[in-house]
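Asker: Give me a model of this one.
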Amino acid sequence: YVLRNNKSLCVFPEGERSIDGKIKDFKKGAGILIKESNCLVVPCRISGSYQAWPRGKAFLKPFQPIKVVFGSPYPKEELIASGAKYSPQDEYDAIALGIREKVIELSIAKT
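Answerer: Now for the predicted structure:
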């Protein structure tokens, strides 16, 4: 409904908070949503959130800086091509792998 009505949607494709602060595998559901909606995807990298509030801790550290970096928008075809080199099971998996690659590129290039 949200995407059909030209609204933005934020998805956390790992499906959970990191247990160690590292980028985990992305779930196939993100690929399904992207392929079936035919929307552009803007990768985003959030750094410092694990340090500010590690999983399992009751309280956050209020002075820990958190940085958010946005990448360029990508169509599903480009994400499929990016993810294809990782031997995906299908196009949904290729998209999830492709968007994960784009997020990792943001962490290397801009953090």
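Asker: hang on, isn't residue 14 packed against residue 27?
Answerer: Yes. Residue 14 is within contact range of residue 27, at 7.0 Å (criterion: Cβ atoms under 8 Å). In this view, the C-beta of every residue, glycine as well, is placed from N, C-alpha and C.
Asker: quick check: mean pLDDT across the host helix or strand of residue 98?
Answerer: Secondary structure assigned from DSSP states H and E places residue 98 in helix 91-110. Mean per-residue pLDDT for helix 91-110: 90.
Asker: what residues does it touch?
Answerer: If you take Cβ atoms under 8 Å, 6 or more residues apart in numbering as the criterion, helix 91-110 is touched by 13, 23, 25-28, 30-32, 34-35, 41, 43-45, 47, 69, 71, 74, 76, 78-84, 86, 88.
Asker: among these, which are in helices?
Answerer: Per DSSP state H, helices hold the following members of the contacts of helix 91-110: 28, 30-32, 34-35, 76, 78-84.
Asker: Need these in CSV (columns: distance to residue 57 and neighbour count).
Answerer: Below are the ones in helices among the contacts of helix 91-110 laid out as CSV (distance: Cβ to Cβ, whole Å; neighbours: other Cβ atoms under 10 Å):
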residue, distance to residue 57, neighbour count
28, 30, 18
30, 27, 21
31, 31, 26
32, 33, 16
34, 32, 26
35, 36, 19
76, 37, 21
78, 38, 17
79, 34, 27
80, 38, 21
81, 39, 13
82, 34, 19
83, 33, 24
84, 39, 14
